[in-house]
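*Asks:* Sequence and predicted model, in that order:
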Amino acid sequence: MAAKQDKTESLARSILEHFSTMDGLNERTENVLNKVGNLNYHKQQHQLELYKIESQLQTQQALLEALSLAKLMLLDKEGKEK
């Protein structure tokens, strides 16, 4: 954890070299927050799409299992009729 804190402090010092005013820091912070918000939105959209795909996949797998069982049942029925 100390390594992460050291990296954060190093980054903060570097940022201060480029943005020496509070207005500059506030503007950059706002830009980063907007990017974080957009990324979170896209992440949620992809998670929703993934959920839909997984749901469809489960439905198709269940149908495949039912079809396989129906084939076995038909084979069993045909075997008994002979």
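*Replies:* Sure, I can see it.
*Asks:* Angles on the backbone of residue 20, please.
*Replies:* phi -100, psi 0 (degrees, to the nearest 10).
*Asks:* Measure how buried it is and give me the count.
*Replies:* Neighbourhood size, residue 20 [other Cβ atoms under 10 Å]: 10. To be clear about C-beta, it is placed using only N, CA and C from the backbone, and glycine gets the same treatment.
*Asks:* just the one 4 residues further on next, same as before
*Replies:* Each residue near residue 24 was counted by other Cβ under 10 Å, and the total is 13.
*Asks:* State the helix or strand in which it lies.
*Replies:* helix 22-81 (DSSP states H and E).
*Asks:* Give the other helices and strands that that helix contacts.
*Replies:* helix 2-18 (3 or more Cβ pairs under 8 Å, 6 or more residues apart in numbering; DSSP states H and E).
*Asks:* ok and the helix it packs on relative to helix 22-81, angle-wise?
*Replies:* Between helix 2-18 and helix 22-81, the angle comes out at 130 degrees (axes from the mean of the first three to the mean of the last three Cα atoms, to 10 degrees).
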